[in-house]
Structure formats: structure tokens, C-alpha cells
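Novice: Predicted coordinates and the sequence they were generated for:
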Amino acid sequence: MSPPVICWFQQDLRLEDNRALAAALASGRPVLPLYILDDETPGAWASGRASRWWLHHSLDALRQALRARGSDLILRRGPTQAVLDSLIDESGAGSVAFSRRYEPHARALETALATGLTARGIEVKRYAGSLLIEPEAVATKDGRPYKVFTPFYKACLEAIDLGSAPRPLPKELPRPDALPAGDALDDWGLLPRTPDWAGGLRETWTPGEAGALQRLESFLEGPVAAYGEERDRPDREGTSRLSPHLHFGELSPRLCWQRAQRALETNGRRGDAGIRSFLRELVWREFSSHLLFHWPELPEAPFRPAFARFPWAENPEHLAAWQRGLTGYPIVDAGMRQLWHTGWMHNRVRMVVASFLVKHLLIPWQAGEAWFWDTLVDADLANNAASWQWVAGCGADAAPYFRIFNPVLQGEKFDPQGTYVRRWVPELSGLPDSCLHKPWAAGEEVLRAAGIALGRTYPKPMVEHAAARARALEAFATIKG
DNA sequence: TTTTGAGTTGTTCGA
DNA sequence: GTCGAACAACTCAAA
């Protein structure tokens, strides 16, 4: 029998539009689908707890999809290099195919693997699959990577080449008579046990390729038409909620782009603007990876060097209040609690809570980045780092330093009936709309009627907005010039 | 090399 | 209540 091909899955947990898998199949040899849980190779940002919950279910879904096609997913744990070496020894595999990644540690690992495997005569095939545009494929006229979104976006529109439509998968995937054994998924301990805090995640999400495709279809059939405005409303279901699916590669951005383009063609003019803003958001995802690829220190160090001397104020108590949703600002607290409960936060609210942490509290953006990394099901090194730096003002094409979100105005503007706050901060639900976003401004009578004792049933604001704003502007002034 | 126009998402103040 | 301007330069990308 001809030597098998290892199809090594990483952040491409799908069967559709997976070039690495397609190439493995096209070789005509038996395919060994493999996933490696590597908590040992140093230098990686180890997955957060919410990500591990998602990973468990996504792997389960992928395994079932493979079984439905007569194959299976081999699960192995350990340092990637060692795991691949031993599987090759056991199976006599002659080739490894995988989708490339763009994080610094993953790139270093890929390079080392390619060297080692090639040296022992194993063919290594690396494919694109997580981005629309490879980071090397667009550059300024000077040949440098982009630092500003709009020109990057225009260049992407020019450069995106979707290629030919992927071939449909065969009903049966070729496999050796006996697939090498692997671990039991349940033994990996990816799910929280004591306590099991994942109830809200289970209610909210369907990890896996089928769930991802369903989410894309229902989004394109409805909400996308009004996406331009509705995407800013945390009280509505106006966003795609595709971020975790895209992060884990349950859905290829190419398929997303194609389906959205198709909707653009078939809808006539209805919803055009909405679809275009959605496409633009997909390019923001590309931009983050572009930045991380060319500036590997993005997750740790400010993109704009002047920020290295910014006078941050470390304060564990303030950080804890922010993490728990006990800042005394309803829109901030609602967001932090939505995050804790569902592993996700609406994008508008992410900006508000991030601005609050960095500008009102002067806590380093890296602390917020770390919290999001642990709690978000869509935690993505590139998006997380680029976005935190953007809010903090030290990123590429960042928000100007004097743009300090007013949490009351943001709440009143984007959650005008208070639906979002009432859902996530139920102890405030009895307040009238007029003071829901600023309970401290309610009269004693109103507070009593709503069953609220400020400082006891809900905190007083931990900082006063105007004073915090002034302090932030002063801090930013110190690093000018 | 120099110049020029432009740059995701806001807030506050004063008329 | 509404509107326009100020906020502060700075850096990027392209000509």
C-alpha cells in the first residue's frame, strides 16, 4: 500500500474549502487526519479557557464529520515535532499537509518542522486557508507592509483572487485499513468541570463547521442588509457572530467572501451597503494578521514606540472590578458580564470597555488583552492584539488619544431602551430608561422604587468620568513629541 | 527627496 | 435641542 499522507489540522477545523485536505485527497493516498494538542512547545500563547471549551466541541464536530465519511480524527497530545515524528514512524507516512498560520510561534514551529521532516525525507506541504490575502501578497509601492487600513483595504480589493471553486468532497475519504490510535477527546480536559461555568456558552453557540455554515447563511439571508447601522447596536442581533468560527477555521474566509459576493449579485441593490460593510470588516481581520505577521511583537509591545514611556497605573483592585463587571458604569458592566457568561462581547461594547480600562483607569492594555484572551471564544492573537492597541491609541491607524468614550453617552446612543443593560445587569432593570445608563443621577425616590441601594446592590461609579478624562489627557500629554 | 492629502467606530463646548 | 468647530499633531502612502 502507498504511504499515507498526514493531514495536520490546526486552525482549519473544517472539511469544506480546505486546501490542505483537498491536496491530501488529490494525492490518491490514504489520509491520516490528525490534531495535536501542544501545550509544551514554548513561546506560544497557550489557549485561554473559553477557547479550550470551543476547541473541544469543534474537534468533536470535525471528528464526527470525518466519521460520517468513513474516516476519523486522530488526537495526539505533546510537542508537535515529537508527535509528528512518532506518527510517521508508526504509519510509514511519507508526507504532511497543513494550512499555514501567521502567529510568531506558529511560524517558528512550521519552519523547524519543515527542516526536520524534509531532512528525513518526508514531504511537507503548506497551504493558505485562513486569510483572503497572504501577508506577503500586498505591499505599498515602496514594498513595505501597510500601516493604514484604507490603503490596505483598497489593495486587498485589487489583489483578492478567490481562485477556482473547491471540488466537492468525496463521500468516502481514503484511509488505511487501520487508523493509528489516538487519545480520547474527553481525556484532554478541555472542558471546565469544577465548576462547570460553560452553561452560558452552550446556550449561545454551536461550534463546528455545520454550525458555522448555518450561522453564515442565516446572517446573509437577513441581518446583513442592515448591517451598516445595526452592527453598532448591542441590544439587537445585527452582527454575524462568525468570529469564533473564523478563528478556528470552521469556515474559510474565502467561502464567506464568495457567499457575501453572491448575495450582492442576487439581491440587486437591496442591502448592498450592509454587505459591503461586512466585507470591509472581513478585511479588518486580514489587516490584523498582516500587522501581526510583519510586527511579531504586536501582542506584547506598543506598535507606536512613544507609548513605551506612557505612565500606566497598575491597580489590581480596579482591574478586578472591571473584570467582574462592577465598575458602576452600566454599559461597561453589561459588556463584561456578557463576556463572562457567553464568551463573547458585542464589538461596540468591546470598544467601550477597552477604552474604559485603558483611559479611565489607565491600566495597561496588555492586562485587558490577557483577560479577553482567556474569556473570549473568538480569542485570536492578531485581532486581539491589534484591536487593544487600536483602542489604547498605540496601534496602527489607531484611535486618536483624545477620543475617550463617554460610557453614558455610548450607552444612551447604542442601547437607547436599555435592553442590553437590563439583560446583563438585572439589578438595574427597574430603573426608567432616562437614568438607566447613569443610576447615580437618579433621585432617591426613583432608586428606592427600583429596589436599588447604590454602593450595596450596585456599585457607585469607581471613577468620575470628567476627572478620569482629564487625567487621561494629562497622561497622554506626557508622551507627546 | 519633497510635497500633499488623508486617516473605522468621539466628546465637549459654545453659539 | 442642534450645529459646527476644536481637540494636536503625526505618520503614512503615493505622486
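Specialist: Sure thing, it's come through. Residues are numbered from 1 along each chain as shown, chains lettered A, B, ... in the order given.

Novice: State the distance from whichever residue of the stretch 301-450 of chain A sits closest to DNA strand C to residue A:302.
Specialist: Per CB to the nearest atom of the strand, the residue of the stretch 301-450 of chain A with the smallest distance to DNA strand C is residue A:400, at 3.7 Å. Every C-beta, even on glycine, is put in place using the N, C-alpha and C of the backbone. Computed as CB to CB, to the nearest Å, the residue A:400 to residue A:302 distance reads 15 Å.

Novice: which one of those two has more residues nearby?
Specialist: When residue A:400 and residue A:302 are compared on other CB atoms under 10 Å, the one with more neighbours turns out to be residue A:302, at 21 against 8.

Novice: where does the closest residue to residue A:230 other than its chain neighbours land on pLDDT?
Specialist: Among residues not flanking residue A:230 along the chain, residue A:238 sits closest, at 2.8 Å (CB to CB, 6 or more residues apart in numbering). Here the pLDDT value assigned to residue A:238 is 95.

Novice: State the number of residues packed around residue A:126.
Specialist: Residues near residue A:126, counting by other CB under 10 Å, number 17.

Novice: Not counting its own residues, what contacts stretch A:226-234?
Specialist: A:223, A:236, A:238-240, A:271, A:273-275, A:277-278, A:281, A:334-335, A:338, A:346-349, A:414-415, A:420 (CB atoms under 8 Å, 6 or more residues apart in numbering).

Novice: Could you look up the SS state of residue A:379?
Specialist: coil (DSSP: H, G, I helix; E, B strand; the rest coil).

Novice: which outside residues touch stretch A:271-289?
Specialist: A:102, A:130-133, A:135, A:146, A:149, A:152-153, A:156-157, A:224-228, A:231, A:240, A:246, A:253, A:256-257, A:260-261, A:263-264, A:267, A:380, A:382-383, A:385-387, A:396.

Novice: and DNA strand C, which of these reach it?
Specialist: Restricting the contacts of stretch A:271-289 to those adjacent to DNA strand C (criterion: CB under 7 Å from any atom of the strand) gives A:146, A:152.

Novice: What are the boundaries of the helices in the stretch 101-250 of chain A?
Specialist: Remark: helices of the stretch 101-250 of chain A, listed N- to C-terminal, are A:104-119, A:149-159, A:199-204, A:209-221, A:227-230, A:243-247; assignment by DSSP state H, counting those that start in this stretch.

Novice: looking at these, which is closest to residue A:473?
Specialist: Across the helices of the stretch 101-250 of chain A, the minimum distance to residue A:473, taken as CB to CB, is reached by helix A:149-159, at 25.1 Å.

Novice: Sheet partners, orientation included, of the strand ranked longest in chain A?
Specialist: Of all the segments of type strand in chain A, defined by DSSP state E, the longest one is strand A:31-37. Partner strands and pairing direction for strand A:31-37 (DSSP bridges) are strand A:5-9 (parallel), strand A:74-77 (parallel).

Novice: other SSEs contacting the next helix or strand after the shortest one?
Specialist: Per DSSP states H and E, the first helix or strand lying C-terminal to strand A:74-77 is helix A:80-91. In this structure, helix A:80-91 makes packing contacts with strand A:5-9, strand A:31-37, strand A:74-77, helix A:104-119, judged by 3 or more CB pairs under 8 Å, 6 or more residues apart in numbering; DSSP states H and E.

Novice: so which of these is the most packed in?
Specialist: With neighbours taken as mean count of other CB atoms under 10 Å, the helices and strands packed on helix A:80-91 reach their highest mean count in strand A:5-9, at a mean of 27.

Novice: Tabulate the CA atom coordinates of it in CSV.
Specialist: Taking only C-alpha atoms (Å, rounded to 0.1, in the frame of the first residue of the first chain), the coordinates of strand A:5-9 have been written out as CSV:
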residue,chain,number,x,y,z
VAL,A,5,-0.5,11.5,3.9
ILE,A,6,-0.9,13.1,7.3
CYS,A,7,-3.5,15.9,7.1
TRP,A,8,-2.5,18.0,10.1
PHE,A,9,-5.4,20.2,11.3
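
Novice: Since that was my last question, I'll sign off now.
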